[in-house]
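>>> From the sequence below, what's the structure:
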Amino acid sequence: METTELKKQLKQQIVKFLNLTSVNPDEIKDDEPLFGEGLGLDSIDSIELIVLLNREYGITIEDPKEGRKILVDINTMVDYIEKNRTK
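I've put the predicted structure just below:
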């Protein structure tokens, strides 16, 4: 799967998996922060994203510090998925 397609798929998965009913996946910018001022996700959402990465891409994140480096924005997540996916 090419990067652009993976970004689109990931945005759709995030909106569906986190039940972000007021967010259109197409409106999420690739470099928009997922937490805080950006998309506004919180620590509970970060756990859900880690579960999403495991379930959909076979990626296990055990170290919270590693998770903070990965769950920055769509670009960093897709980069990590492309390098580490097992599914």
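>>> Count the residues that sit near residue 52.
Per other CB atoms under 10 Å, the neighbour tally for residue 52 reads 19. The way it works is simple: take the backbone N, C-alpha and C, and place the C-beta from them, glycine included.
>>> Which helix or strand contains it?
Element membership of residue 52, judged by DSSP states H and E, is helix 43-57.
>>> Downstream of that helix, the next helix or strand is which one?
Next element after helix 43-57 (DSSP H and E): helix 64-70.
>>> Using CSV, list the CA coordinates for that following helix.
Extracted in CSV, the C-alpha atoms of helix 64-70 (Å, rounded to 0.1, in the frame of the first residue of the first chain):
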residue,chain,number,x,y,z
PRO,A,64,5.1,4.6,26.8
LYS,A,65,8.1,6.8,25.7
GLU,A,66,8.2,5.1,22.4
GLY,A,67,4.4,5.6,22.0
ARG,A,68,4.8,9.4,22.6
LYS,A,69,7.3,9.5,19.7
ILE,A,70,5.0,7.5,17.4
